[in-house]
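1. The sequence and its predicted three-dimensional model are supplied below.
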Amino acid sequence: MTLPPLTLVLGGAASGKSDYAERLVTATERPMLYIATAQSFDAEMDDKIARHQARRGDGWRTIEAHLEAADAFTCAREDEVVLFDCATMWLSNQLFAETNLGDAEVTLFKAMSDCVAPVVVVSNEVGAGIVPENALARRFRQAQGELNQRIAQRADLVVTVMAGLPLPLKGHLPEGAP
């Protein structure tokens, strides 16, 4: 199975988006590079990261890239496929580090565009819920929605996942896609 240069997989929390993205990447039968953005600050996150690692199993080359994800894309080889999981954690990391989000995004988009391997980006859809109570959460929701829109504009394939089921929003699922 062949993926386009940029695929975006969107979904809500616990929608199955990461699982679907992993199956999509695995179906290419190419060597796999996993760019991990999550940081653990508590036991719950430790457990979530461990579950993701166990589900993926062996066969993945992993680069931890909490803030400097753009650098990780330059490590991809032409024969690989890259899974960037996830843009939401990357954005959270940027906001908490108080980086210049505009500059970080430009750098990230250039790195994804210049990547020699197909890229699959996982991101959370956060706009379907209630308006958050506090300013930081509203700022995050706005920034996440805008980031998703800009990635989707650049992507050749955009898939939303609900209840574990993929629904293409832009482009067509490749023949042989899970």
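-> Yep, that arrived.
2. Okay, buried residues for the host helix or strand of residue 94 please.
-> When elements are assigned from DSSP states H and E, residue 94 belongs to helix 87-97. Neighbour-count burial for helix 87-97, counted by 16 or more other CB atoms under 10 Å, picks out 87, 88, 89, 90, 91, 92, 93, 94, 95. C-beta here means a position set from N, CA and C on the backbone, and glycine is covered the same way.
3. Quick check: the farthest pair among the residues you listed?
-> Farthest-apart pair in the buried residues of helix 87-97 is 87 and 95; separation 12.5 Å (CB to CB).
4. in this protein, what secondary structure element scores lowest on mean pLDDT?
-> In the chain, the helix or strand scored least confidently by mean pLDDT, DSSP states H and E is helix 43-56, which has a mean of 76.
5. got the contact list for that one?
-> Contacts of helix 43-56 with the rest of the structure, by CB atoms under 8 Å, 6 or more residues apart in numbering, involve 18, 19, 22, 34, 36, 38, 39, 40, 85.
6. Next, the angle from that helix to helix 87-97.
-> With axes from the mean of the first three to the mean of the last three CA atoms, to 10 degrees as the criterion, the two stretches helix 43-56 and helix 87-97 enclose an angle of 150 degrees.
7. Go through helix 43-56 and flag the buried ones.
-> Result for helix 43-56 [16+ other CB under 10 Å]: buried residues 52, 56.
8. Could you export whichever helix or strand comes after it as CSV, CA atoms only?
-> Going down the chain from helix 43-56, the next helix or strand is strand 60-64, by DSSP H and E. Written as CSV, here are the backbone C-alpha positions of strand 60-64 (Å, rounded to 0.1, in the frame of the first residue of the first chain):
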residue,chain,number,x,y,z
TRP,A,60,9.4,0.9,15.0
ARG,A,61,12.3,3.3,15.2
THR,A,62,11.3,5.9,17.7
ILE,A,63,12.5,9.5,18.2
GLU,A,64,11.3,11.4,21.3
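9. and strand 60-64, what does it pack onto?
-> Counting contacts by 3 or more CB pairs under 8 Å, 6 or more residues apart in numbering; DSSP states H and E, the secondary-structure elements packed against strand 60-64 are strand 32-36.
10. so where's the longest helix in this structure?
-> Among all segments of the chain classified by DSSP state H, the helix with the greatest residue count is helix 135-154.
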